[in-house]
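Participant: let's see this in three dimensions:
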Amino acid sequence: MANTIMKIKILLSLFLICISLLSFKSGKKYYLLNEYITESSQEFQNFHRVINLRCANCHSDYTFYTEEDWIEQKFIVPGNPYDSKLFSSLRSSHTGGDEDMPPFLALSEVELETIKKYISGLKSKGTILEIDISFPKIDFPSTEKLSETEVFERCFIQLTGERIAQNSKLFREVENGTTTPAKACYQILKEAKFKNRDFNYSNESLSIKTRDQLHRFHTSWIKDYAYYRSGSTYLSHDIFPMDEAALHLTNVLWNGKHYSELLNSKDTLRPIRSARSKNKIHLFFEGREDFNKLKKSVLGNENIKGKTFPWNPKWLPRGHLVNIEAKKSFQSVQYYVNRDTNVTMYNDGLILDKGLHGANGSQSYILNNIGRDPGEKSNGGLVIPRTWAKKVLQDFMCRKLPVIKVEDALSYVQKNSTIKFRAKSSCMQCHTTIDPMSGAIRHSQVVYTNTTGRTSIHVKFHKETMRSLNDLFPDRDDKFYLRPTKGRFIYRTIMGKLINKEFSSLEDLNKIITSTDDYYTCAASKYFYYMTGISVELENIKQSYGDIDDNSKYLIGEVIALGKKLKAHGDVKQLIRDIIKMEIYKQDNFGDL
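Facilitator: Numbering: from 1, shown residues only. This next block holds a predicted model:
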């Protein structure tokens with residue numbers, strides 16, 4: 001008898017310990033405005049009974065979940081079942097849910113209604129949760145702070161790639177306190193502008209190094225090195241700049257443009273460089289030497305009358321970046337090849353080096369990210385440039401998919417679609433954003449200038465010849481690439497605000513993007529990383545706030561503040577100056593963050 005009582009006491013103790021551990025939360029992000037429904041209520045008991053019966057076999061911890069646990073674990077949004085992960089999962093995918101749960105036997109309508117009624121009733125009974133978002137400050141130890149000259153040496157080498165001479169005019173001014181490190185490095189940036197002839201602290205040689213240093217950073221930010229097609233297309237690198245998107249960014253920095261012009265510029269840019277030299281970046285032994293043998297018969301393998309066309313393209317300049325200009329004239333070839341396995345030739349001409357709108361509409365950016373083989377034309381269904389849309393979010397908004405909630409996608413789920421991923425809400429959490437967004441470059445098609453493999457690769461932009469359709473998610477529309485540009489930008493900001501706006505051109509889409517705070521916060525995070533080596537993740541902060549430590553909250557808050565300043569003044573040089581002025585930048589090891 002005594003042993004039995006002892007066993008009961010031990011089991012009871014273990015049970016209470018489990019309850020305590022499961023209920024313990026560190027760093028809560030919620031505070032309560034009203035009391036919860038008591039867990040002895042009939043609503044909770046009915047809900048709990050369904051969970052125990054249908055879920056606890058695999059998820060035994062659910063047995064011990066309190067109402068607060070369900071909410072803090074982000075399974076339930078009080079008053080809104082369709083925003084709740086739990087309800088969405090238990091609905092099963094064939095009824096609009098994002099998962100087939102439970103896996104073998106779906107909930108009955110009565111059970112599902114019990115879950116729905118409970119979640120809906122939470123808000124009506126007075127349960128309201130708010131997220132208290134704040135970004136704490138950090139007091140850095142004075143013992144770790146660099147001297148003014150050390151801060152200047154740090155920013156100088158980051159901007160120029162070389163050490164500052166300690167007998168230089170700027171170094172002496174920082175040393176004697178007549179200027180600050182931020183002002184001194186800002187002066188270096190100002191004097192590195194193109195065609196500058198007024199040097200007070202710098203010289204042409206140092207300016208070239210500064211421009212080259214930051215342009216290399218811009219090129220690493222917006223990578224255009226390897227075109228999507230794995231075939232022999234490297235001659236393209238000799239005809240138009242593979243770093244054209246980065247040229248837009250460098251142009252914004254030194255030609256006095258607002259940062260929004262990175263995507264809003266209507267120009268196709270060309271680099272002016274100091275020297276011409278043989279291109280050394282070919283992955284195989286293809287280059288100008290091989291191409292010169294072929295340029296007399298660009299199309300086909302033989303010089304057949306009517307099927308060949310002489311072409312002598314202009315080679316790109318090489319060397320240090322001297323200036324960036326808008327192109328006034330463009331190269332063209334009379335014929336081009338639609339597909340490497342389909343030797344069809346067209347005689348309506350192909351402009352070889354003209355882009356669309358902004359950095360994300362440049363030839364090299366589209367080629368690198370279109371995600372389609374030569375000859376493929378967008379049909380609105382399986383064949384669309386969704387890889388490009390994904391890359392735009394990554395490069396210019398610093399976001400990874402998905403960028404919306406499952407519930408945001410529910411109204412766009414195509415239950416009768418023959419494309420499987422469009423019939424599932426979990427898949428459409430990504431495709432609701434990138435599929436309509438990719439319509440901005442629906443007219444783009446990758447083409448060759450030759451069928452032999454020794455060729456360049458380009459983008460043909462088809463003209464609009466067909467009327468518009470209202471179908472945002474067609475399964476297949478073989479005229480999709482000929483219809484007027486139309487799409488939607490469906491996106492949640494890092495602070496949780498839903499954007500759902502229609503656009504009718506790439507220009508429209510880019511204006512929507514550049515109107516957001518996220519666009520500027522992303523730029524701030526990129527330059528902050530370059531100057532400090534600290535990567536700041538920009539996802540849905542409102543959703544993940546409770547899981548973020550104080551150091552990360554501090555960094556996010558600082559980057560958001562930098563982004564707001566950039567949106568107001570638009571000057572990338574000023575953004576860099578603002579970073580140099582930050583306390584974290586002045587720390588020996590950037591505060592060990």
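
Participant: residues contacting the spatially closest residue to Lys209 that is not a sequence neighbour?
Facilitator: The spatial neighbour of Lys209 that comes closest, neighbours along the chain excluded (Cβ to Cβ, 6 or more residues apart in numbering), is Thr160 at 5.0 Å. Where C-beta positions appear, they are placed from N, C-alpha and C, glycine not excepted. Taking Cβ atoms under 8 Å, 6 or more residues apart in numbering, we find Thr160 in contact with Ile188, Leu206, Lys209, Thr210, Gln213.

Participant: all strands for the stretch 51-200 of the chain, in order.
Facilitator: For the stretch 51-200 of the chain, the strands defined by DSSP state E, counting those that start in this stretch occupy 129-131.

Participant: in this structure, which spans are strands?
Facilitator: Taking DSSP state E as the criterion, the chain carries its strands at 30-32, 129-131, 269-275, 318-326, 332-333, 337-339, 342-345, 350-351, 444-448, 457-461, 487-492, 498-503.

Participant: Val174 is nearest to which of those strands?
Facilitator: strand 318-326 (27.4 Å; Cβ to Cβ).

Participant: can you report how many residues lie near the nearest residue to Gln213 once chain neighbours are set aside?
Facilitator: In space, and not counting its chain neighbours, Gln213 is closest to Gly161: 4.6 Å by Cβ to Cβ, 6+ apart. Neighbours of Gly161 under the rule other Cβ atoms under 10 Å: 14.

Participant: any weak-confidence spans in the stretch 451-593 of the chain?
Facilitator: Within the stretch 451-593 of the chain, the segments meeting pLDDT under 70 span 451-455.

Participant: can you tell which of the strands of the chain is closest to Met397?
Facilitator: Comparing these by Cβ to Cβ, strand 487-492 comes nearest, at 7.8 Å.

Participant: and the spatially closest residue to Asn52 that is not a sequence neighbour, how far from Pro78?
Facilitator: Spatially, and ignoring its direct neighbours in sequence, Asn52 is nearest to Thr63 (6.0 Å; Cβ to Cβ, 6+ apart). Distance of Thr63 to Pro78, computed by Cβ to Cβ, to the nearest Å: 21 Å.

Participant: what about the helices in the stretch 101-250 of the chain?
Facilitator: For the stretch 101-250 of the chain, applying DSSP state H, counting those that start in this stretch gives helices covering 109-124, 148-160, 169-175, 181-191, 204-221, 236-239, 244-254.

Participant: could you dump those to CSV with distance to Lys328 and mean pLDDT?
Facilitator: Shown next, in CSV, are the helices of the stretch 101-250 of the chain (distance: least, Cβ to Cβ, whole Å; pLDDT from 0 to 100):
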stretch, distance to Lys328, mean pLDDT
helix 109-124, 61, 84
helix 148-160, 32, 96
helix 169-175, 38, 94
helix 181-191, 28, 95
helix 204-221, 22, 92
helix 236-239, 17, 73
helix 244-254, 15, 94
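
Participant: would you mind measuring from Thr179 to Thr418?
Facilitator: 67 Å.

Participant: so between those two, which is more surrounded?
Facilitator: Neighbours were counted for Thr179 and for Thr418 using other Cβ under 10 Å; Thr179 has more, 18 against 11.

Participant: how about the contacts made by Leu509?
Facilitator: Neighbouring residues of Leu509 by Cβ under 8 Å, 6+ apart: Met437, Ala440, Gly487, Phe489, Phe503.

Participant: ranking those by neighbours, who comes first?
Facilitator: Ala440 (28 neighbours).

Participant: contacts only, for that one.
Facilitator: Ala389, Thr485, Gly487, Phe503, Ser505, Leu506, Leu509.

Participant: then Val572?
Facilitator: Contacts of Val572 were listed using Cβ under 8 Å, 6+ apart, and they are Val252, Leu253, Tyr259, Ala523, Tyr527, Leu566.

Participant: try 6 Å
Facilitator: Counting by Cβ atoms under 6 Å, 6 or more residues apart in numbering, Val572 touches Leu253, Tyr259.

Participant: separation between it and Ser205?
Facilitator: From Val572 to Ser205 the distance is 23 Å (Cβ to Cβ).

Participant: then Leu263?
Facilitator: Distance, Leu263 to Ser205, by Cβ to Cβ: 33 Å.

Participant: of the two, give the one with the bigger neighbour count.
Facilitator: Each of Leu263 and Ser205 has its neighbours counted (other Cβ under 10 Å); Leu263 has more, 25 against 9.

Participant: that one reaches Thr514, doesn't it?
Facilitator: Yes: using Cβ atoms under 6 Å, Leu263 makes contact with Thr514 at a distance of 5.4 Å.

Participant: quick one: the helices in the stretch 451-593 of the chain?
Facilitator: Going by DSSP H, counting those that start in this stretch, the stretch 451-593 of the chain shows helices at 506-514, 517-532, 541-544, 550-569, 572-581.

Participant: show me what the second one is packed against.
Facilitator: Read it as helix 517-532. helix 550-569, helix 572-581 (3 or more Cβ pairs under 6 Å, 6 or more residues apart in numbering; DSSP states H and E).

Participant: just the longest one next, same as before
Facilitator: If you count contacts as 3+ Cβ pairs under 6 Å, 6+ apart, helix 550-569 packs onto helix 517-532.

Participant: quick one: residues in contact with the helix it packs on.
Facilitator: 217, 221, 397-398, 493-494, 513, 535-536, 538, 559-560, 562-563, 566-567, 575, 579, 590.

Participant: return a ChimeraX selection command for the buried portion of these.
Facilitator: Listed next is the ChimeraX selection for buried residues among the contacts of helix 517-532, using 16 or more other Cβ atoms under 10 Å:
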select :217,221,397,398,493,494,513,536,538,559,560,562,563,566,567,575,579,590
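
Participant: hang on, the earlier thing: need the strands of the chain in TSV with distance to Tyr519, can you?
Facilitator: Converted to TSV, the strands of the chain look like this (distance: least, Cβ to Cβ, whole Å):
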stretch	distance to Tyr519
strand 30-32	30
strand 129-131	23
strand 269-275	20
strand 318-326	21
strand 332-333	34
strand 337-339	36
strand 342-345	40
strand 350-351	29
strand 444-448	23
strand 457-461	24
strand 487-492	11
strand 498-503	11
